[in-house]
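A.B. asks: the amino acid sequence is not available; the structure is as follows:
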């Protein structure tokens with residue numbers, strides 16, 4: 001009977017986990033860049049963001 005190669009199996013599991021983690025991180029960065037692009041598009045171009053600079057309340 002052949003002896004089970006646990007080191008090989010562990011290495012394969014680790015490689016699968018690493019690949020899954022990288023894919024998840026890639027999806028997250030793609031989603032965040034898509035989200036930031038969507039928020040950039042939603043701002044009207046003619047109206048710059050309002051700031052309180054230069055206004056005095058006294």
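C.D. replies: On my side now, so go ahead. Everything numeric here is computed off the predicted structure, so don't read it as measured data.
A.B. asks: measure residue 10 to residue 22 for me?
C.D. replies: 19 Å (Cβ to Cβ, to the nearest Å). For glycine as for every other residue, the C-beta is placed from the backbone atoms N, C-alpha and C.
A.B. asks: got it, and residue 11?
C.D. replies: 16 Å.
A.B. asks: residue 6 too?
C.D. replies: Taking Cβ to Cβ, one finds residue 6 at 24 Å from residue 22.
A.B. asks: now residue 9
C.D. replies: To residue 22, residue 9 is 21 Å away according to Cβ to Cβ.
A.B. asks: ditto for residue 14
C.D. replies: From residue 14 to residue 22 the distance is 13 Å (Cβ to Cβ).
A.B. asks: show me where this structure has its strands.
C.D. replies: Taking DSSP state E, the chain contains no strands at all.
A.B. asks: pLDDT weak spots in it?
C.D. replies: 37-58 (pLDDT under 70).
A.B. asks: what segments of it are helices?
C.D. replies: 6-42 (DSSP state H).
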